[in-house]
Structures are given as C-alpha cells and as structure tokens.
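In: pasting a predicted model and its sequence here:
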Amino acid sequence: MNRGPGDERGDRVSSGRNSGGPYTGEHLQHVAFPLGGIGAGMVCLEGAGAISHVSLRHHPETTHEPLMLAALHLKQAGDASRSWARVLEGPVPRHKPFRARGDGENIGSGSGAPMASYGLPRFGEASFEAHFPFATIALRDPAIPVEAEIVGWSPFTPGDSDDSSLPFAALDYRIRNVSPDPMSGVFSFHSANLMFALGGGERRIRAMRGGFALVQQAGQDLPSAEGSFAAWVDDPETRVNARWFRGGWFDPITVVWKGIEEGSAPEAAPYSDGHPGSGASLSLSFELGPGQERTIPLRFAWYVPRSDLATGSDPAETHRPWYAERYADLDQLVDDLKRRDAELRKRTALFSDVFHDTTLPDEVVEAVGANLAILRSPTVLRQADGRLWAWEGCSDRQGCCSGSCTHVWNYAQALPHLFPDLERSLRETEFGECQDEEGHGTFRAPLPIRPATHDFHAAADGQLGGVLKVHRDWRISGDAAWLARLWPQVERSLAYATRTWDPERIGLLREPHHNTYDIEFWGADGMCSSIYLAALQAAAAMAEAVGSDPTPYRELYQRGRQRVEQELFDGEYFVQRVDWKGLRAPPPTEAAAGLWNVGYSPEAEELLSREGPKYQYGTGCLSDGVIGAWLARVCGVGEILEPEQVRSHLRAIHQHNLKRDLSSHANPQRSGYAFGTEGGLLLCTWPKGGKPTLPFVYSDEVWTGIEYQVASHLILEGMLEEGLEIVRIARSRYDGRMRNPFDEIECGHWYARALSSYALLQACSGARYDAVERILHLTPAVPGDFRAFLATAGGFGTVGVRGGEPFLGVRSGEIPVEEIRYRPAEASDG
C-alpha cells in the first residue's frame, strides 16, 4: 500500500500515526476490534489483548467485560528459580479501571474494578495492527524471555454469507523463545461464567473435549435467557478445570492466579453437588527450545437460540437468529467449527490477502477495512430465514433506530458488493412487507420481518434511494428474474413518490418531504431532487429491461434536470428554494400536529412568519446537496446532472464545509463526533449568509458517513487529493486515543452510514462490474499502474492497470468479463 498525495499534510492531521500502520502507545487506549459473524453477536479484541464488549444476546453490551484472560507461565529448564507468570495482554488502558462495567452485577466506575485482571502482571509493551478480518497484537517485555503475538479473526469470505455469519471468534496465541535457553511453558485461558441474564434459569459449567461450556438455562418467564458459550483449544493435551474454587470475596480469581504462578495445569470435572462454581479454565503445557515458537489456537463459539427482541406494533414472536436454524445446539455448532477450522481460516486469509494486496492510498484501505467491522457488530441481525435486518447503530445496551432504515442504509455500499444476497434481502423487505398497495414505503421494517404499519411519512430520500438500489443490485447480480419480480413494486413506489412530492410532475420535490435529517424539507432542494432524478433514470433503464415503457420516466427526468440545473444551482452550488405557500400540503403548523419530530410553539410560529418552516437549509452549502449524483454513479446509473455543476458543488463543499480545526465552530447539537482542535466536514455551512435561526437539526455536526460520501464523490469527479484529505481528517479522529478506530459513531456505535466508505474503493480504482452486460468498467482516479480489490456477486479478485494495460485477476469464484472499458486517469474529466 502507498501513501496518497499530500502525505505530509495527512501525517500532520493523524497526530503522529500513519494510516494503515500499527497502533501503539496512546493510540491503543480505545482500540476494540469486533470479532463474530454477520448478525451473530460479537466480542471485541482490544488493542492490548483483552476481551470486551461481549455482546452475545442479540443486543449490544458495550460495557460487558467479564473476567476473561489468557495467561502464560514460563520456566527456564534446569533453573527453577527463573520463572515468569504474565497475563497475555499489554498495559491496561488508563480509562478502564474507572469505567462502569455491566457484568451482571453492574460494577460502578468508582468500585475499584473488582473481578477484573487489571492488577495482574502483564507484558510491558503492546502494538496492534489490523488487516481486516485479522487483527494482530505484538507483546514484548524486556524482563521476559519470550515474545508473544495474538492473531484474532472470524470467518469472513465475500460471497459466502453463511460461513461469514457464524457465532465464532478465534485467537491464535504465538509464543516465541527469544532466549538462548530452553523453556517450559503453560498456556491457560480462564473465564468467569459470562452467561447471565436476570430472570434466567440455572447457570452451570460443563467440560467438553479441549475446553468448557458456560451455560444458562431458560427462565420460567424468560426463554431468551437460554444461552451457552464455549472456549476450547483443539489439542488432545489440553486439560480442563471445570470447577473453580467456590468462595466469597476474591477467592476464585486469587486461586486461579496462584495456579498460573505455579505453572499448574489442573484437570477437574464440574461439581456434582451444590453451587457449580463461577468459572472454568483450560491449559496446555509445551516446551520451547532457543528460537522456537508454538501457536495455541484458542476458539470461542456461542449459541443463544432466542431473544426478547421485537420491534413494530403487535409482534406475535421475537427475533430468532439465523444460526439457531442451522444448528440444533452448541455442540453441533462446535463440532462443525472444529471440523472446518483450517478451511475457514484459509478462505478468510485469502480474502484478507487479496483485499490488502493493493496500491491504493493507505487512508482509503484503512477507512474501508475499519468500517467493515460494522457488519460484525450488533448493529446487524440476521433472522432465522436468513434475511438481514439492521439498526442504524447501537446504544450501550440496545440497538438504536430500528428497521434497516432506508435513508441511512442508502449510504452503505459494502454489503451489496461483498454479500449481495443479504443486500437483496433488504430490497425484498423494502418492496415487500414494508410497502402498501398505494406504494407508500415504511422506512423502518419491523422485527421479526412482517407486514409493516403505515402510520408515518415515507422518507423521500429512502424511498427513492430504494429504486436506485434495486438498479444497483440488479447490475451486480445480473439476475433478470429477480428484477422482474420486484419491478411492479418499484413502479408503484415511484408512482407514490411522484404523486406525493411532485404532484405537478415538474421533476422537483416541492411538497414537504421527510429525509435522513429526521425532519421535512419544504420546497425543492438539491439533495432530494437529485435522488429523484437518479431514481427516474434508474427506473427508465429497468423498465426497458423488463419490457415496460421507459418514456414517462425519461421525460419526467428531462424536465426535472432542466429545472434543477436552472432553479437550484446558484452559480456555485445547489441550494434549497424554501416554499410552504401554495402547496397541496397543509400549512407547516397543521402538518406538524401530532408529530414527534417537529413542533410549533408560539415563538416558532413567529419564526415561521419571518423565515418560513423550521429546519430548512435554504441558501446553505449542504454536504449532501448533490448526493443523487453520487448514488447514480455508485449504483451504475451514470451521469444525471451537468458534470461541471456537480464538480462546482463538490469544490464548494471542500472549500466551505471542511474544517481542519473546529475550535472556532459553534455546534449546539451533538458535538462528540468532532470538536475542539479536531477537523471534520460539516453537514452544512452558509458561506453567503442566510442561515436560518433554526436550521435543520444536525446541520452543525460531523458524520463520517457523509465525509466518505463526499470524499468518494470528489474522487469520482477527478479531485483525488481533495477527497483523500477528507478521509485523512476523518480517520485522524479515530486514531485510538479518544475513539475506537473500529467504531465510528453517529447516533450510536458502529453506525451503518459509515459503510459509505466502501465507495472509496470504486472511486479510486474506477472499477465497476456490470453482470448484466458482463462489462468491467475501469476509470481509475489514481494515475499510472495500480491494483485494487474487486468483489462481485460471482467472485472476487484484483483489478488494475499493469504496464499501461487493464487487467483482472480472479482469486475466488468467477467473474465472466466480455469487455473491459478502460479510460486512463489522464483522460478523466476534472
């Protein structure tokens, strides 16, 4: 991988850490790398090697850090006086002892961190490096004659949704003797029984081959409490102690640590009477000659077959995870994982190797890889029939903003390329259970997925974006029959949109229209009207493909394009023409009656008379102001507006909205996303004046999902350096010192909008595969020879230019290409 243009400036904003490099020192403070399957639950591997964020029960548990530790006892052969005992972790991040933990007992921040391993000896130095889906921690200590390495991974293979959805995490511990003396060692792993749900049934521990299972039975009135967690090392020499010392205070961990210090490897069956004890351990003895190393493969799996999770009105049942339909119980799951361990690792490593075998700028690869972790987080669920359902993000103890929200998932571009079957399941829900006979789309699907209640506005950007995403998913899959099945619903959806927001069929959305900012825009705006134009163009192409008449869509598009370019472009960027009089909608005060998101106090009514409806942007420079042109590009629709006007708008965003230091920026909204001396791309600015007293409610904030949308659009339009600068600034905020590099927040952890980062791959490489026409389009933004990752519905590989000629190297599956349409970067506009 290469540093992109402007390396010096990029290094300055990253405050000492280069993109793509290891996290060390202060940058380890908040690193937590998700492990687990798509929609299957998660544990996090922290930068120093601890396990945290243990979220196995189909909802986030960001403060759940049960007592879990791997440890090492070493003894120099022939000299009993030379022995060492260490937790296989680096220094404890400074904030952790003062953080509340939700370990079933809700340990407070001022409790002194009981039942944690923070006070036990450990390695003195750590570094963390991510090559998604792998994370590697190097542990060093000059006082210890070994070096240690931890490699964390979970199965992740594009095109194989099932193997990528397993409730499974792997930690490979590699111990290397760096001394001139032979060493004997004992590796051990210890865990308290982390399966605890208040109101659940009996908790117990059982031994299994190579490890142990921590179990809780269902409660009489809480069937969702049933769950189990397994830890094992698949080696016949592994010894299992399923009976921790029973006692009060700190007795169990005190006895566990004594055994680690002594190098013991006890083997004991579970208690047959009384309390089952609070945890279990496994251990494996080994010998190391000078320079030799040993790898111990520690594995985790979990099985929680039911949940108490349901959204929407009148649910008859609760969410049941996909894996519970595939596996009858934990034992069947573990047996399958043991049998296929090597294969799963090999296929995951192939993806990782191909993904990282690239010359694209490091900041791009880091942004894409870091945000793929969202797919492993509790943001995403996969129900028993295999369909995907998702939150927008995660609160600490529950999902945030339900229902695979269409106007947020509009931005997410990773899933349709990596796991297109899962993405198509979102379309099937969107145009199936979530659409009524009139074409109204509920932008939040209920869980379990079932017919939705239609009791709120449709979201204009979400509903129109759905039309574009059907076009994208059809082009990616090449599945004409799938398109034909969905087309009647797509047609009905677009008819509803036109009838509701453009009843005069002028090609602009003038009537009030709900959108991703959780308010309604009154009057035509560049943001939603550009999505409308893109949807009309997509509909025309799909209509032609299924044998329908595309003419009405093309004619309406042409009328709309002319008006957008003439009426909404102010000479520099696209604006909103606020309009609330003479519309078919009732006045704003009446339209807002009974709604949660907009209300009119007497003071607000006075503002209405002077300025118009609350929460508009008017003359502002909106970072999403021409998002329809971006969606058209990434969804394979092509150009929808005058290219120079689009480029002018993007240049204005870069000039006015990108702040390299926010110290002087006033943000009365949610400031935690970016503040102080940090930089960021503001959602909107008013460089020519005219900022409303009450602009739309998030206008002064910084969202990484929009930063990546704008950055990738700039790059698509030939402005590579401007786009990369935004990426570097965004990632500099997530450098581990204050925020987790693998958890970009926006109204919640692991926020889905940040998956817009995947569009950076398409933007930089210019690669887009059309499975309908079997054409590989290649219009790179990076000059000269390059190579980059490409995923399609049929396979993945490396695409690029070598010796001035385009190439495609397929590494997995098939990508049938009949033509490569290559346009070198030098010939790109911009």
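Out: On my side now, so go ahead. Source: prediction; values computed, not measured.

In: the longest helix anywhere in the chain - what's its average pLDDT?
Out: Identified as the longest helix of the chain according to DSSP state H is helix 330-356. Averaging the model's pLDDT scores along helix 330-356 yields 98.

In: helices and strands around that helix, which ones?
Out: Here helix 330-356 is seen to pack against strand 134-140, strand 168-177, strand 227-233, strand 293-303, helix 362-372, strand 795-802, strand 805-813 when contacts are counted using 3 or more Cβ pairs under 8 Å, 6 or more residues apart in numbering; DSSP states H and E. Every residue, glycine included, has its C-beta placed from N, CA and C.

In: tell me which of the ones you listed lies nearest to residue 191.
Out: With Cβ to Cβ as the measure, strand 227-233 is the member of the helices and strands packed on helix 330-356 nearest residue 191 (6.1 Å).

In: just checking, residue 267 touches residue 240?
Out: Yes. Contact criterion Cβ atoms under 8 Å: residue 267 and residue 240 qualify, at 6.1 Å.

In: helices of the stretch 401-550 of the chain, start to end?
Out: 406-409, 415-418, 420-430, 460-477, 480-501, 526-546 (DSSP state H, counting those that start in this stretch).

In: and the second one, what does it pack onto?
Out: Looking back up the chat, that one is helix 415-418. helix 420-430, helix 460-477.

In: hey, C-alpha coordinates of the shortest one in CSV?
Out: Meaning helix 420-430. Output of helix 420-430 as CSV, limited to C-alpha atoms (Å, rounded to 0.1, in the frame of the first residue of the first chain):
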residue,chain,number,x,y,z
PRO,A,420,-25.2,-9.3,-2.4
ASP,A,421,-27.7,-11.9,-1.4
LEU,A,422,-28.0,-10.3,2.0
GLU,A,423,-28.4,-6.8,0.4
ARG,A,424,-31.1,-8.1,-1.9
SER,A,425,-32.9,-9.4,1.1
LEU,A,426,-33.2,-5.8,2.3
ARG,A,427,-34.8,-4.9,-1.1
GLU,A,428,-37.2,-7.7,-0.8
THR,A,429,-38.3,-6.5,2.6
GLU,A,430,-38.4,-2.9,1.5
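
In: quick one: list the elements packing against that helix.
Out: Under the contact rule (3+ Cβ pairs under 8 Å, 6+ apart), helix 420-430 is packed against strand 388-390, helix 415-418, helix 460-477, helix 480-501.

In: how about JSON lines for those, with mean neighbour count added?
Out: Rendered in JSON lines, the data for the helices and strands packed on helix 420-430 read as follows (neighbours: other Cβ atoms under 10 Å):
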{"stretch": "strand 388-390", "mean neighbour count": "27"}
{"stretch": "helix 415-418", "mean neighbour count": "26"}
{"stretch": "helix 460-477", "mean neighbour count": "27"}
{"stretch": "helix 480-501", "mean neighbour count": "19"}
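
In: and residue 648, which of these is closest to it?
Out: Across those, closest to residue 648 is helix 460-477 (Cβ to Cβ), at 22.1 Å.

In: before we move on, back to that, and the helices and strands packed on helix 415-418 as TSV, adding mean pLDDT and distance to residue 652?
Out: Putting these into TSV (pLDDT from 0 to 100; distance: least, Cβ to Cβ, whole Å) gives the following:
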stretch	mean pLDDT	distance to residue 652
helix 420-430	98	32
helix 460-477	98	21
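
In: where's residue 567 relative to residue 703, distance?
Out: As defined by Cβ to Cβ, to the nearest Å, residue 567 lies at a distance of 28 Å from residue 703.

In: which of the two has more residues huddled nearby?
Out: residue 703 (29 against 15; other Cβ atoms under 10 Å).

In: for the residue lying closest to that one once chain neighbours are set aside, give me its contacts.
Out: The shortest distance from residue 703 to any residue other than its chain neighbours is 4.8 Å, reached at residue 746 (Cβ to Cβ, 6 or more residues apart in numbering). Shown here is residue 746, whose contacts under the criterion Cβ atoms under 8 Å, 6 or more residues apart in numbering are 393, 673, 703, 704, 705, 753, 754.

In: mind putting those into a markdown table with distance to residue 601, secondary structure and pLDDT?
Out: Written out in a markdown table, the entries for the contacts of residue 746 read as follows (distance: Cβ to Cβ, whole Å; DSSP: H, G, I helix; E, B strand; the rest coil; pLDDT from 0 to 100):
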| residue | distance to residue 601 | secondary structure | pLDDT |
| --- | --- | --- | --- |
| 393 | 30 | strand | 97 |
| 673 | 28 | helix | 96 |
| 703 | 28 | coil | 98 |
| 704 | 33 | helix | 98 |
| 705 | 32 | helix | 98 |
| 753 | 31 | helix | 98 |
| 754 | 35 | helix | 98 |
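
In: picking that back up, for the helices and strands packed on helix 415-418, give me JSON lines that also has distance to residue 57.
Out: Formatted as JSON lines, the helices and strands packed on helix 415-418 follow (distance: least, Cβ to Cβ, whole Å):
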{"stretch": "helix 420-430", "distance to residue 57": "22"}
{"stretch": "helix 460-477", "distance to residue 57": "29"}
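
In: out of these, flag the one nearest residue 404.
Out: Smallest distance to residue 404 across these (Cβ to Cβ): 5.6 Å, for helix 420-430.

In: what about the helices in the stretch 601-750 of the chain?
Out: Under the criterion DSSP H, counting those that start in this stretch, the stretch 601-750 of the chain contains helices at 602-611, 627-634, 643-652, 704-716, 720-733.

In: if I read this right, residue 825 contacts residue 781, doesn't it?
Out: Yes. In this structure residue 825 lies within contact range of residue 781 using Cβ under 8 Å: 6.0 Å.

In: and the two? Which one has more around it.
Out: Taking residue 825 and residue 781 together and counting by other Cβ under 10 Å, residue 781 has the greater number of neighbours (25 against 18).

In: can you give me phi and psi for the more buried one?
Out: Backbone geometry at residue 781, expressed as degrees, to the nearest 10, gives phi -90, psi -20.

In: pretty sure it sits against residue 824.
Out: No. Here residue 781 does not reach residue 824: they are 10.7 Å apart, not a contact under Cβ under 8 Å.

In: give me the number of residues near residue 317?
Out: 9.

In: what's near enough to touch it?
Out: Applying Cβ under 8 Å, 6+ apart to residue 317 gives the contacts 310, 448.

In: so it is in which element?
Out: Secondary structure from DSSP states H and E places residue 317 outside every helix and strand.

In: cool, and residue 286?
Out: Element membership of residue 286, judged by DSSP H and E, is strand 279-288.

In: out of the helices of the stretch 401-550 of the chain, which gets nearest to residue 334?
Out: Closest among the helices of the stretch 401-550 of the chain, once you apply Cβ to Cβ, is helix 420-430, at 24.8 Å.
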